[in-house]
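Visitor: Just to be clear, the model below is a prediction. Sequence and coordinates:
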Amino acid sequence: MDNFNQLLEKYAELVVKVGVNIQPGQLLIVQAPIETVDLTRQIVGKAYEAGAKLVQVEWIDEMISRIRYEKASEGSFSFYPKWEADKMEQFAEAGGALLHIKVPDPELLHGVDSWRVSTAVKAAAIAREKFSQYTRNNIISWSLIKAPTRAWADKVFADLPEEQRIEAMWKAVFAINRVGDGDPVLAWQEHIKQLKERQEFMNNKRYRSLHYRAPGTDLRVELPEGYKWLGGGDVNASGTYFVANMPTEEIYTMPHRTGVNGKVRSTLPLNLNGQLIEGIELTFENGKVTRFDAKSGREHLAKLLETDEGATHLGEVALVPHDSPISRMNRVFYNTGVDENASCHFALGSAYPVNIEGGTKLSKEQLLERGANVSLTHVDFMVGCAELDIDGELPDGTLEPVFRKGNWA
């Protein structure tokens with residue numbers, strides 16, 4: 001790409017100004033794979049230009065994670081350092097912002113014992129539970145973004161010669177984030193406006209439930225009293241607007257914890273902590289998974305469902321038209337942050353308290369009473385396809401089409 005450096009600078013400016021929307025005097029933590037050093041340096045520069053007080057970079061080397069899973073003693077995996085959790089809590093209390101370049105290698109932990117991975121993930125979730133409330137309640141600004149790594153590019157663009165894959169991935173990352181010849185910040189402002197219009201439309205409908213039908217899927221999802229559809233971004237506790245996922249094409253809300261019944265089949269692979277799960281099939285009765293299967297990676301799915309009681313219930317329902325920019329690329333990205341924006345999806349695990357009126361001020365017990373799910377985990381899986389139909393049940397019991405053949409009706 002002849003204009004690569006220009007596009008890279010635009011992308012860095014976009015994620016700083018729109019993603020975390022750094023304010024003067026604010027702290028910023030950037031979590032970045034070591035392969036993304038050029039983008040990370042641009043982000044650091046743009047953050048200081050925006051007035052950041054301090055930018056701290058935490059480098060990620062996934063091979064070091066694999067070495068631990070292969071060689072550490074079993075006692076290692078139930079341990080998570082308290083000082084790390086304390087640091088993140090203090091950072092959040094100071095009103096800092098978090099920017100994570102999240103691109104896990106889809107094949108990273110192939111062959112690694114599922115118990116080791118699930119135990120380490122759960123230990124981290126328990127230790128960081130207080131910090132997670134700052135993000136799940138949108139108290140601080142946080143944003144998950146994408147950038148090419150060799151492992152990711154090799155998986156997604158395996159049909160291309162090896163020397164072309166990184167450039168192809170960069171082109172895809174720029175495209176899905178609306179980074180091109182124009183001003184991506186202005187493009188995102190228009191995009192967010194359109195998502196907000198769809199969000200308001202759905203909120204005004206006040207559907208009692210949604211009924212999904214597709215090959216392998218026949219699922220009724222009740223919505224709790226006072227639910228709210230959100231999309232695009234949100235406002236943190238200081239009144240600053242930020243976008244938590246880039247790209248984003250969804251509007252999302254919470255299902256009623258005990259109001260999900262029927263069967264659902266996933267339509268895209270799930271990269272769960274570096275372990276792939278394909279062909280997920282779940283049966284729900286009164287909100288709880290009673291049967292499950294997968295074409296591959298079933299043992300990883302089983303460990304996910306064993307995380308805690310809430311892991312067997314849904315916490316999110318999200319709508320994305322099949323005819324969306326990422327879906328039109330006709331390529332599986334093996335990265336939930338991208339694939340979920342090409343497809344309608346659900347999430348097993350915790351609901352976002354922001355999706356119910358007054359939810360950010362409620363205790364766990366109060367959230368459960370209102371019908372919101374509570375869990376240590378939150379894992380999205382994709383269910384959208386060109387054959388998906390969704391009906392909405394109005395307050396008077398009338399059914400009307402919401403999606404037909406994968407798109408808004």
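Guide: Yes, it's here.
Visitor: what's the closest non-adjacent residue to Arg208?
Guide: Distances taken as CB to CB, 6 or more residues apart in numbering put Glu393 closest to Arg208, at 4.7 Å, once the chain neighbours are dropped. C-beta here means a position set from N, CA and C on the backbone, and glycine is covered the same way.
Visitor: and the one you found, what does it touch?
Guide: 207-211, 399 (CB atoms under 8 Å, 6 or more residues apart in numbering).
Visitor: of those residues, buried ones?
Guide: 207-211 (16 or more other CB atoms under 10 Å).
Visitor: returning to that earlier point: so which of the contacts of Glu393 belong to helices?
Guide: Counting by DSSP state H, the contacts of Glu393 place none of their members in helices.
Visitor: Give me the residue ranges of the stretch 251-400 of the chain where confidence is low.
Guide: Within the stretch 251-400 of the chain, not a single segment meets pLDDT under 70.
Visitor: ok, which stretches of it are helices?
Guide: Along the stretch 251-400 of the chain, counting by DSSP state H, counting those that start in this stretch, helices occupy 298-305, 336-339, 364-370.
Visitor: most packed of those helices?
Guide: Ranked by average neighbour count under the criterion mean count of other CB atoms under 10 Å, these are headed by helix 336-339 at a mean of 23.
Visitor: by contact count, what packs against it?
Guide: If you count contacts as 3 or more CB pairs under 8 Å, 6 or more residues apart in numbering; DSSP states H and E, helix 336-339 packs onto strand 378-382.
Visitor: strand partners of the strand it packs on, parallel vs antiparallel please.
Guide: Here strand 378-382 is paired, per DSSP bridges, with strand 345-349 (antiparallel).
Visitor: I would like the residues contacting the partner strand, please.
Guide: For strand 345-349, the external contacting residues (CB under 8 Å, 6+ apart) are 250, 255, 264, 289, 304-305, 307, 310-318, 320, 373, 375-384.
Visitor: Start and end of stretch 20-30, how far apart?
Guide: Terminal residues of stretch 20-30 are spaced 10 Å apart (CA to CA, to the nearest Å).
Visitor: Could you pull out the buried residues of it?
Guide: Here stretch 20-30 shows 20-23, 26-30 as buried, counting by 16+ other CB under 10 Å.
Visitor: mind checking pLDDT for Ala214?
Guide: Per-residue pLDDT puts Ala214 at 98.
Visitor: How many residues are close by Val340?
Guide: Actually, residue 340 is Glu rather than Val. Glu340: 29 surrounding residues under other CB atoms under 10 Å.
Visitor: phi, psi of it?
Guide: Torsion angles at Glu340 (phi, psi; degrees, to the nearest 10) stand at phi -70, psi -20.
Visitor: Do I have it right that it meets Ala318?
Guide: Yes. If you go by CB atoms under 8 Å, Glu340 and Ala318 touch, sitting 6.9 Å apart.
Visitor: Indicate which one of the helices of the stretch 251-400 of the chain is closest to Val37.
Guide: Within those, the stretch nearest Val37 is helix 336-339; the backing value is 20.5 Å (CB to CB).
Visitor: what does stretch 221-232 rub up against?
Guide: Contacts for stretch 221-232 (CB under 8 Å, 6+ apart): 191-192, 195-196, 198-199, 202-203, 207-212, 243, 248, 250-257, 259-260, 314, 317, 352, 354-358, 370-372.
Visitor: remind me, longest helix of this protein?
Guide: Taking DSSP H as the criterion, the chain has its longest helix at helix 184-205.
Visitor: That one packs against which elements?
Guide: If you count contacts as 3+ CB pairs under 8 Å, 6+ apart, helix 184-205 packs onto helix 4-14, strand 230-231, strand 251-253.
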